[in-house]
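**Q** Quick one: sequence and predicted model below, then my questions.
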Amino acid sequence: MNDTILILGACGQIGTELTQKLRALYGRDNVIASDIREGNQEMMSSGPFEIIDATSKERIFEVVEKYKVTQVYLMVAMLSATAEKHPLKGWDLNMTSLLAVLELAREKHIQKVYWPSSMASFGPTSPKINTPQQTIMEPSTVYGISKVAGEHWCNYYHEKYGVDVRSIRYPGIISWKTLPGGGTTDYAVDIYFDAIKNGTYECFLSENTRLPMMYMDDAINATIQIMQADADKIKTRTSYNLAAISFTPKEIAAEIKKHIPEFEISYKPDFRQAIADSWPQIIDDSHARKDWGWQHKFDLTSMTNDIVTSLKALEKQKLEEV
Ligand code: VAH
């Protein structure tokens, strides 16, 4: 594979693990990681890194030229909860960065673009169960508005200029290697850390809030799979629905209790409850499965096994290092 890849937002929850996976696939010197500030030790020591403000087209172009970049993964975003606190900053970051990269692709400086959308593109008037690929999309969050707008910009640049941009509507993504920041689905990450550390967790969503979720390994595999698919297999150029598991805080707590019987969860819904209530509960991702062969691997049980085992090993290692 003689591609050179630039990842914008490489230090974020998805970017961190995506960088390592792409470096393993394409070779460390062919994957340039970048973010607004430096990353962790593994990020900085595993391949080239550049400081890039993703809203600066000029700065992105400098790095594209320096390394002869052929593909860009744009992982920069202000997520749902934070964007509700800083609406115009959230809109500006999410949109300006996307348009900068799409323009560089229109000008033929890069050949292929990946840009993540989100289930947040749906709103309270979208069907909640088996949410279709095409349906009513009236998001009630700034993050969701920016994602719907971004999807249409991607489709516009593909239809009008032939830009090869590909996109997935991520559900909530769950990882144990990198903490997320500012998302409404973040409870499903925090709960594992608190269960291991304290044996308790106070959840900011109510116990029966069902949301579509996915283990990070599945999300990373889907992201690379859609980018490696033949162009003629990509029939949707707004963004593909993607799903794996859907669960409630009560269900994930019961799964954790199988590993940590003394674990206790309490509920204290905050402003993020209204965001979660505006989103789908179960998403229909049959188009992605049909068009480019998407298959998830992890369900709630296997994901929880993997996370709890990994975090316990990490805790043991830290204790031994003390
Ligand atoms: C968030 N994790 O909670 C993100 C995601 C659909 C949710 O986009 O904002």
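**A** Structure's in. What do you need? All of these numbers come straight from a predicted model, not from anything done at the bench.

**Q** For the residue of the chain found nearest the ligand, give me the pLDDT.
**A** Closest residue of the chain to the ligand, Cβ to the nearest ligand atom: G183 (2.8 Å). (C-beta placed from N, C-alpha, C; glycine too.) pLDDT for G183: 91.

**Q** quick one, what contacts it?
**A** 13, 79-81, 172 (Cβ atoms under 8 Å, 6 or more residues apart in numbering).

**Q** from those residues, which are also near the ligand?
**A** 79-80, 172 (Cβ under 6 Å from any ligand atom).

**Q** Identify those among the residues you listed that sit within strands.
**A** Counting by DSSP state E, the ones next to the ligand among the contacts of G183 place G172 in strands.

**Q** what about the stretch 201-322 of the chain, any weak spots by pLDDT?
**A** 319-322 (pLDDT under 70).

**Q** Where do the strands of it begin and end?
**A** Ranges of strands within the stretch 201-322 of the chain are 211-215, 240-241, 245-247, 264-267, 282-283, based on DSSP state E, counting those that start in this stretch.

**Q** Can I get the ones you listed in TSV including distance to the ligand?
**A** TSV is the format used below for those (distance: least, Cβ to the nearest ligand atom, whole Å):
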stretch	distance to the ligand
strand 211-215	8
strand 240-241	12
strand 245-247	12
strand 264-267	18
strand 282-283	10
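
**Q** Of all the ones you listed, which one is nearest D194?
**A** Of all the strands of the stretch 201-322 of the chain, strand 264-267 sits nearest to D194, with 9.2 Å by Cβ to Cβ.

**Q** And that closest one, what does it pack against?
**A** strand 200-203, helix 249-257 (3 or more Cβ pairs under 8 Å, 6 or more residues apart in numbering; DSSP states H and E).

**Q** Can you name every helix or strand that the longest one contacts?
**A** Translated: helix 249-257. Helices and strands touching helix 249-257, by 3+ Cβ pairs under 8 Å, 6+ apart, are helix 187-197, strand 200-203, strand 264-267, helix 300-321.

**Q** cool, the shortest one as well?
**A** With contacts defined as 3+ Cβ pairs under 8 Å, 6+ apart, the secondary structure elements packing on strand 200-203 are helix 187-197, helix 249-257, strand 264-267.

**Q** Redo those as TSV? Include mean neighbour count.
**A** As requested, the helices and strands packed on strand 200-203 are exported to TSV (neighbours: other Cβ atoms under 10 Å):
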stretch	mean neighbour count
helix 187-197	20
helix 249-257	18
strand 264-267	15
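
**Q** As CSV, those with distance to G144 would be great.
**A** Formatted as CSV, those follow (distance: least, Cβ to Cβ, whole Å):
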stretch, distance to G144
helix 187-197, 18
helix 249-257, 21
strand 264-267, 24
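
**Q** quick one, which of these is nearest to A276?
**A** helix 187-197 (9.0 Å).
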